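# Okay, structure incoming, though there's no sequence with it:
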């Protein structure tokens, strides 16, 4: 009887130790600051969205990713924000920051050129410099950049509420294009 009970306890301990602990890990937070690129002033109420992603397929030639986890934050009066760091180091991320009147900031691409951003690393103490939206920029292009920077999210979060006007700009643009297309095809109302 003792031998069976001892074996049961040993099997139980081995089973517990073999359970992956990454899901139980204590989450660390990453702090950053959002500032005005021109004068260095902190930007208050900038919405911060981080989407932790993983590849849809590990097969070469099949690009794409799926969102594993999403976190949002809003910068305080000194421009500071905190976001959780994902426990799985194998996941990629997409960090997007939006504040009306500024160019949407994304860790992957730079608006309006869509060049790859090469000078950013996600780390505690990071400083994000946001530039004012220039009058020569296309509002539609910026709206499109903002919405594609956030993987097309449609849930009712803080970030989605902040970019509501950008979504309306893009929707109105496509509505006008459909209307013009209908007129060309003779289907006008």
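Received the coordinates, thanks. Worth saying up front: this structure is predicted, and the values here are computed from it rather than measured.
# drop to CA atoms for contacts and neighbour counts, all remaining ones
OK.
# Can you give me the buried ones in stretch 127-136?
Within stretch 127-136, the residues scored as buried using 16 or more other CA atoms under 10 Å are 127, 128, 129, 130, 131, 133.
# what would these look like in TSV with pLDDT, distance to residue 166 and secondary structure?
Formatted as TSV, these follow (pLDDT from 0 to 100; distance: CA to CA, whole Å; DSSP: H, G, I helix; E, B strand; the rest coil):
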residue	pLDDT	distance to residue 166	secondary structure
127	97	24	strand
128	97	21	strand
129	97	20	strand
130	98	17	strand
131	97	17	coil
133	97	13	coil
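# Residue 105: which of those is nearest?
residue 130 (6.6 Å; CA to CA).
# Just give the nearest non-adjacent residue to residue 132, would you?
residue 102 (4.2 Å; CA to CA, 6 or more residues apart in numbering).
# The one you found: neighbour count?
17 (other CA atoms under 10 Å).
# That one and residue 129 touch, don't they?
No: the criterion here is CA atoms under 8 Å, and residue 102 misses it with residue 129 at 10.2 Å.
# any chance you could map the helices in this protein?
Assigned helices in the chain, in chain order: 2-18, 139-149, 158-162, 164-184 (criterion: DSSP state H).
# average pLDDT for the first one?
Throughout helix 2-18, pLDDT has a mean value of 57.
# Tell me who's in contact with the closest residue to residue 81 other than its chain neighbours.
Once flanking residues are discounted, residue 81 sits nearest to residue 75: 4.7 Å by CA to CA, 6+ apart. Residues near residue 75 by CA atoms under 8 Å, 6 or more residues apart in numbering: 33, 34, 43, 44, 45, 46, 47, 48, 81.
# Just the buried ones out of the residues you listed, please.
By 16+ other CA under 10 Å, the contacts of residue 75 give 33, 34, 43, 44, 45, 46, 47, 48, 81 as buried.
# Sitting in strands, which of these do you find?
If you go by DSSP state E, those have 33, 34, 47, 48, 81 in strands.
# show me what contacts residue 99?
Per CA under 8 Å, 6+ apart, neighbours of residue 99: 45, 46, 47, 162.
# let me redo that: residue 139
So residue 139 contacts residue 169 (CA under 8 Å, 6+ apart).
# Tell me the predicted confidence for residue 107.
95.
# any idea how far residue 96 is from it?
Residue 107 sits 7 Å away from residue 96, going by CA to CA, to the nearest Å.
# Please identify which of those two sits among more neighbours.
residue 96 (23 against 20).
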